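[1] no sequence on hand, only this structure:
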């Protein structure tokens, strides 16, 4: 119950009594002269409203019950009344209402109880699909191919014509990676496996279980299954005490922000990392563990919101192409519109598509797009019982339609600009505390002067009715929903300004 | 499209024209004198009904469309009209109606469109839960602890008081295994990790990424993520060309059936395998890769429906306890009632509970039960964005209630006895083709004389309106829903009898 304890501690340290809790109001942030835009969710709340000390008594009660069940509740921050939540506002079981700038670890596309989703769940197909869950790889529902087209192919990254659904981000990355291994070996061999390969694979031995490796980046997060943990290097608490695999990792660029104001030194840093990529590939080839694939996030999120320039990714793709390694872009956190484009990697203008692009979170289903040559060559190589969840596609259709109808990508671009420029003003005013404001759409972060300062700002924000995230060592991480508008950005900036003035 | 091709081939070889297709009728199987039981699903169909050649024209059309999307459709057998399906009967898009004895790879507990589930999806909580998917590890819905109690703790295996939900079988096994690694290292060290361990874990190196191993069994299936594939040894097509991990595997007993009629030689075989377990544990300890956990299925399903006696599992638990390795029972396929008990391992009468029991499929949510000492000691060690799916628990509550109300475990026991004795009669009549009939509840299999014979029986059954599965090299695999009654068992036995008479 660490977070609960931390909150209580912070409440004791700061102005903690209930009478002192400020009810945040939607005051206009001075940086902006824009009029409030019409609400994208008509009956959304006007602002946060705090009713109890945190954690509230009902949350505390439920936490005890939950802890008796899982004994693994140190990450739980509150229990939520989802029925009462609306738009950008989350309401907890104690009636406290927050502007949610973190959205279930960036997995909520349209906020809470969006009318389009309320409508989608009245679709009778959804109930049928829900109570008759199919093994999609064997007995798919008649509607499934059409839904794959409407929900997923309609937003496919340019140049990627195939798509496979999965259940979550980790298993999307797992299976995407498997398809690149299969393709790598098929190509190297010029055909199907030999009998010796089939036989040796059964006891985990070469040549059937080939000693291929995968290149990832220091600071990366690609999931927490044992395979994906070997590619994840964001925080030791994710990895320690779990056996791993000897696969190479390279540095990811540590750029200066704003990126374009430090073009020359950023280029030097990116070239250093690209050289390290080449060196690692050579090192593992020499070790007899050739690199079959490289996986990279457009922005290293969990690891600390590290950005790189299009140059870096274009050069990375070139290197991988030269050595015949697949280029997998992990858009689990960046995909679905929060970058201001449907896919963050669109903004790189690559000369050709990545080989595979994985997704989950805001797409509400896991899955991955791929080039046809990365399709498995034989039956049952990439397969599992459920292969995804049909009900998610019914809802994703409504989400995609709403993104288009309500111009939500444009909304994200506008809110993102406002938010980022507001943070830049704040860091200019408080350079001793804030630095490196950076973002892509509303996928935004800013560094604080220490992990403690970051935690303190999150705790004070929470008490004022704002849910904020952190990432890396000491970054504040913002992950608004796609319906986060200028008025919400202004509320948040006003609150941050207030917190900073009292720090 | 291998299966489709095989079906067409078989249709050409056998009496393939539409006019020759037999419409199966619910003829009483001679082995049974019981009156038909009242239907558990009142408006269920009376029998299979075949309208087209297989695959039907609409299925063929949809397959083309699907293949243009995934290029991975060789496993698809038909497209389904789930709305028209009912009880034990699946209806395909061409209007063909099958008695489903395989149930989406054993993942359907109550058949299709069960009234209790139709009722459950009208629960307004379900819509709210569905469109506001929470990050369960951080912001769980108020109702979640209560649902964990009602749906999961109410059916917990004796001696296991904690439970964690996950998304699917593979990630349940992955995370269960992670909890055993964490516990193993915590116990060995007598506390939390050292700084050196935290640091070295970040680059996948010891001591932070410890060289622990996991013991599995030849013939086992535990999933298809890279980590789980290292524990899976059922079929080479699952494993070939995917890098693996050097972990030990032991033989699983190859018993003679009926088990009690070959008690002495079966004991010799089980003792041989137990000795191999001891040898493998010693071998990997000597290699510097101590065995931290052992994972085993109560019946090796995918690998060929291999059973073992309670003696084997009791002795296995003893060995693991001696060396301090965790005992994980993978009930993904056996759990949820099909064994005639809620959990297959209940039938072993272990002196104490296994350390961890994993589930998915018929439980419709993934997850695992565990002893409190196997709970993670620190926050964010076992964690991911979704940590399961709340809507599944709402439906699981209705499933558990129906299992109790309709005495479905007793139904499974009765149908299982009838089915198994019928298969034993058939194998006595056709010893040149059939052998080793075996089962636990309705979790039943029988061996055919060759893989081709097994495939031929499945294809002929399909043409007559019966969906059957296979497993291992040449076994027929039956996985009825819990509502599979004596009349369904008789329909199936009549059809098998007919097929055998013409083979």
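    Cool, got the structure. Predicted model only: the values in this text are computed from it and were never measured. Residues are numbered from 1 along each chain as shown, chains lettered A, B, ... in the order given.

[2] what residues does the stretch 401-503 of chain A have near chain B?
    Contact residues, the stretch 401-503 of chain A versus chain B (CB under 8 Å from any CB of the partner chain): none. In this view, the C-beta of every residue, glycine as well, is placed from N, C-alpha and C.

[3] so where do the helices sit in the stretch 401-503 of chain A?
    A:408-429, A:451-464, A:486-502 (DSSP state H, counting those that start in this stretch).

[4] contacting residues around residue A:37?
    A:411, A:485, A:486, A:487 (CB atoms under 8 Å, 6 or more residues apart in numbering or on different chains).

[5] among those residues, which two are most distant?
    A:411 and A:487 (11.6 Å; CB to CB).

[6] up against chain B, what does the stretch 201-350 of chain A have?
    A:201-205, A:208-213, A:218, A:223-227, A:230, A:233, A:235-247, A:249.

[7] hang on, the earlier thing: from the contacts of residue A:37, pick the one nearest residue B:253.
    Distances from residue B:253 to these, taken by CB to CB, are shortest for residue A:411, at 62.3 Å.

[8] the closest one - how many residues pack around it?
    22 (other CB atoms under 10 Å in any protein chain shown).

[9] same question, the one 5 residues further on
    Using other CB under 10 Å, residue A:416 is surrounded by 23 other residues.

[10] domain-wise, how is chain A divided?
    Following automatic domain parsing, one gets these domains for chain A: A:2-13+A:33-65+A:80-100+A:409-477+A:490-502, A:124-403.

[11] what sits against the closest residue to chain B within the stretch 401-503 of chain A?
    Residue nearest to chain B within the stretch 401-503 of chain A (CB to the nearest CB): residue A:467, separated by 8.4 Å. Counting by CB under 8 Å, 6+ apart, residue A:467 touches A:90, A:98, A:99, A:100, A:101, A:102, A:461.

[12] let's see 10 Å
    Each residue near residue A:467 by CB atoms under 10 Å, 6 or more residues apart in numbering or on different chains is listed here: A:48, A:77-78, A:88-90, A:92, A:98-104, A:458, A:461, A:479, B:138-139.

[13] could you do residue A:145 as well?
    Residue A:145 sits in contact with A:153, B:61-70, B:73, B:79, where contact means CB under 10 Å, 6+ apart.

[14] secondary structure element for it, which one?
    helix A:144-147 (DSSP states H and E).

[15] okay, helices next: where are they in the stretch 101-250 of chain A?
    A:103-106, A:115-120, A:124-131, A:144-147, A:169-189, A:195-201, A:226-229, A:236-239.

[16] got a markdown table for the ones you listed, with mean pLDDT too?
    Converted to a markdown table, those look like this (pLDDT from 0 to 100):
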| stretch | mean pLDDT |
| --- | --- |
| helix A:103-106 | 98 |
| helix A:115-120 | 96 |
| helix A:124-131 | 93 |
| helix A:144-147 | 97 |
| helix A:169-189 | 98 |
| helix A:195-201 | 98 |
| helix A:226-229 | 98 |
| helix A:236-239 | 97 |
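
[17] deepest-packed of those, please.
    Most buried of those, by mean neighbour count (mean count of other CB atoms under 10 Å in any protein chain shown): helix A:226-229, with a mean of 27.

[18] off-centre distance for that helix?
    Offset of helix A:226-229 from its chain centre (CA atoms, centre = their mean, to the nearest Å): 17 Å.

[19] so which elements touch that helix?
    The contact analysis (3 or more CB pairs under 10 Å, 6 or more residues apart in numbering or on different chains; DSSP states H and E) places helix A:226-229 against helix A:169-189, helix A:236-239, helix B:169-189, helix B:226-229.

[20] and if we set it to 8 Å?
    For helix A:226-229, the packing partners by 3 or more CB pairs under 8 Å, 6 or more residues apart in numbering or on different chains; DSSP states H and E come out as helix A:169-189, helix B:169-189, helix B:226-229.

[21] please name every helix or strand in contact with the second one.
    In this case it means helix B:169-189. Against helix B:169-189 (3+ CB pairs under 8 Å, 6+ apart) you get helix A:169-189, helix A:226-229, strand B:162-166, helix B:226-229, strand B:291-296, strand B:326-330, strand B:356-359, strand B:366-370.
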